[in-house]
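Trainee: Model the following, please.
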Amino acid sequence: MTTVVPTSEEDPVLYVVRFTAEMSWAEAGPEVAEQQVSSLCLEAQECMVAGRWLDLASLMVTSADLVFSKASDKDLESIYTIICNLVKKPESLDELLEMAKLLSTKIAQPNDKPALRLKILFNLYNMLENPYSRFIVYKNALKLAKEGKVIEHIIPSFRKIDSLLKEWDLGVQDQRELFLAISNIFKEHKSSPKETLKFLTKYLAAFSGEDSHVLEEAKEEAACAIIEFVKAPDVFQHDLLEMPAVAQLEKDSKYALVYQLLKIFQTQRLDAYLDFYTTNSALLQSYGLVHEECIAKMRLMSIVDLASNESGRIPYSSIKDTLQIEADEVETWAVKAITAKLVDCKMDQMNQVIRMSRYTERVFGHHQWQALREKLATWRGNIANVITTIQANKVTEEGAQSMQGLAMR
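Mentor: So this is what the prediction gives:
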């Protein structure tokens, strides 16, 4: 097989143009192929002389794409390294951004060798120095990963997303597109409802302060976030109810019931969910919600609700009735709540009560922040009093010691 290893003084760019042209026109016969190859090489030379780097990039990436299924992976990496290196040529920012968009869009076609294409995109990303041009490439990499079903290769980059956001310095619209794309990737991957919800929440948060007309854009994703919250077996606390993008669903003709479901899961107990299910079982099934899983989650939520309303002591009978379980299951569900880190408690079998020392707030909104602020202020005041008392005792003790010294003399 022919390999891209320039052995003459020919410019690497022209060598790649010739190599890809010869491969793509090989089946047309020597006469036609020679004419087309010469024409493409001449056009490439003209672009180089005139400094038309964007046109040259377009010519080269189009030719390379034609041979993507024919060339070896090693050859393709060499070809695209030379093509991608053209991003160092533009002198204007506009031309650079246009070239980054052109190359990354063309490379991100998911039809052939998506894993290799993704690797080439990351190489292109690393060749770029402008932050926004890097974001353009990354966005196309997300698209390729999802459509080419090579999601596992891009998920590790999500761990650095906060630092990348600082580097890219994106506007609100770009942030929304990024967060939505990442949440869709996690949803496609079906591995972590928690991560899907995390980035959906970031997407919805980017609508804070917008008017009702703009908020409408987020209705479908707001409903999706609610469903992901209900589905997630390990997410019990969220501030979805506080978000304007979610709150708009309360009176929406299509999503009002979904909003009602959220209120049940964040503020009510099992009996409310069972009543809702009785009249809306088809709705839950349409969203892929499993009734038994919803019951299990609502039982844990109900324990938390009991903990917040029973002054630290919950009778076994209250748990039995609220969770609608048998008496011998009470301690099992208490252990499940502890395992989920929803509560810290001790079971008093003698008195048939559970003594709560801590519970997790189901909703952490403005009211909870205010309560936390008051607790911190009280704690701060108590610490200040302790310090004042210690200092006063120290002064008294030092004074007493001084008096003793005088008396001895």
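Trainee: Nearest the geometric middle of this protein, what residue?
Mentor: The chain has residue 199 as the residue nearest its centroid, 3.3 Å off, counting by CA atoms, centre = their mean.
Trainee: Let me know the helix or strand that that one is in.
Mentor: Counting by DSSP states H and E, the element that carries residue 199 is helix 193-205.
Trainee: For residue 143, give me the pLDDT.
Mentor: If you check residue 143, the pLDDT there is 95.
Trainee: Identify the residue nearest it in space, chain neighbours excluded?
Mentor: residue 108 (5.7 Å; CB to CB, 6 or more residues apart in numbering). In short, each C-beta sits where N, CA and C put it, glycine included.
Trainee: got a list of what that neighbour touches?
Mentor: Under the criterion of CB atoms under 8 Å, 6 or more residues apart in numbering, the neighbours of residue 108 are 117, 121, 140-141, 143-144.
Trainee: Pipe those into JSON lines and attach neighbour count per row.
Mentor: Converted to JSON lines, those look like this (neighbours: other CB atoms under 10 Å):
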{"residue": "117", "neighbour count": "26"}
{"residue": "121", "neighbour count": "25"}
{"residue": "140", "neighbour count": "24"}
{"residue": "141", "neighbour count": "26"}
{"residue": "143", "neighbour count": "19"}
{"residue": "144", "neighbour count": "25"}
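Trainee: Mind picking the two most distant members of those residues?
Mentor: Pairwise distances across the contacts of residue 108 (CB to CB) peak at 10.9 Å, for the pair 117 and 143.
Trainee: Need phi/psi at residue 22.
Mentor: phi -60, psi -40 (degrees, to the nearest 10).
Trainee: and it, how many neighbours?
Mentor: 16 (other CB atoms under 10 Å).
Trainee: for residue 17, same thing?
Mentor: With other CB under 10 Å as criterion, residue 17 counts 29.
Trainee: that older thread, so can I have CSV of the contacts of residue 108 showing secondary structure?
Mentor: Converted to CSV, the contacts of residue 108 look like this (DSSP: H, G, I helix; E, B strand; the rest coil):
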residue, secondary structure
117, helix
121, helix
140, helix
141, helix
143, helix
144, helix
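Trainee: can you put those residues in TSV and add distance to residue 247?
Mentor: Shown next, in TSV, are the contacts of residue 108 (distance: CB to CB, whole Å):
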residue	distance to residue 247
117	41
121	38
140	34
141	34
143	31
144	35
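Trainee: Return the member of those nearest to residue 262.
Mentor: residue 143 (30.3 Å).
Trainee: re earlier: what's the following helix or strand after the helix holding residue 199?
Mentor: Following helix 193-205 in sequence, per DSSP H and E, is helix 212-215.
Trainee: Now do the buried residues in that following helix.
Mentor: Judged by neighbour count (16 or more other CB atoms under 10 Å), helix 212-215 contains these buried residues: residue 215.
Trainee: can you check stretch 78-88 too?
Mentor: 78-84, 86-87.
Trainee: average pLDDT across that stretch?
Mentor: 96.
Trainee: Kindly report the same for stretch 175-195.
Mentor: 89.
Trainee: Now do it: distance to the chain's middle.
Mentor: Its chain's average C-alpha position is 6 Å from that of stretch 175-195, according to CA atoms, centre = their mean, to the nearest Å.
Trainee: Show me what that stretch is in contact with.
Mentor: By CB under 8 Å, 6+ apart, the list of residues contacting stretch 175-195 reads 135, 139, 142-143, 145-146, 151-152, 154-155, 158, 161, 165, 170, 196-200, 202-203, 206-207, 221, 228, 231-235.
Trainee: Please name the bridge partners of the nearest residue to residue 307 once chain neighbours are set aside.
Mentor: Excluding its sequence neighbours, the residue lying closest to residue 307 (CB to CB, 6+ apart) is residue 359, at 3.8 Å. Residue 359 has these beta-bridge partners by DSSP bridges: residue 343.
Trainee: Residue 302 is in contact with residue 359, correct?
Mentor: No - judged on CB atoms under 8 Å, residue 359 makes no contact with residue 302 at a distance of 11.8 Å.
Trainee: Looks to me like residue 345 is in a strand.
Mentor: Yes - going by three-state DSSP, the assignment for residue 345 places it inside a strand.
Trainee: so how far is residue 334 from it?
Mentor: Counting by CB to CB, to the nearest Å, the gap from residue 345 to residue 334 is 6 Å.
Trainee: list residues touching both of these two?
Mentor: Common neighbours of residue 345 and residue 334 (CB under 8 Å, 6+ apart) are residue 354.
Trainee: in whichever helix or strand residue 136 is part of, what's buried?
Mentor: Following DSSP H and E, one finds residue 136 within helix 131-147. Going by neighbour count (16+ other CB under 10 Å), the buried part of helix 131-147 is 132-146.
Trainee: Run through the helices of the stretch 201-350 of the chain in chain order.
Mentor: 212-215, 219-231, 244-247, 256-267, 270-286, 291-309, 316-323, 330-339 (DSSP state H, counting those that start in this stretch).
Trainee: Let me have those in TSV, adding mean pLDDT and distance to residue 70 as columns.
Mentor: Shown next, in TSV, are these (pLDDT from 0 to 100; distance: least, CB to CB, whole Å):
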stretch	mean pLDDT	distance to residue 70
helix 212-215	93	48
helix 219-231	95	41
helix 244-247	96	48
helix 256-267	96	50
helix 270-286	97	46
helix 291-309	94	49
helix 316-323	96	64
helix 330-339	96	56
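Trainee: Include distance to residue 112 when you put these into a markdown table, please.
Mentor: Output for the helices of the stretch 201-350 of the chain, formatted as a markdown table (distance: least, CB to CB, whole Å):
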| stretch | distance to residue 112 |
| --- | --- |
| helix 212-215 | 39 |
| helix 219-231 | 32 |
| helix 244-247 | 39 |
| helix 256-267 | 40 |
| helix 270-286 | 37 |
| helix 291-309 | 40 |
| helix 316-323 | 55 |
| helix 330-339 | 47 |
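Trainee: For residue 376, find the nearest of these.
Mentor: When the helices of the stretch 201-350 of the chain are compared (using CB to CB), the closest one is helix 291-309, at 19.2 Å.
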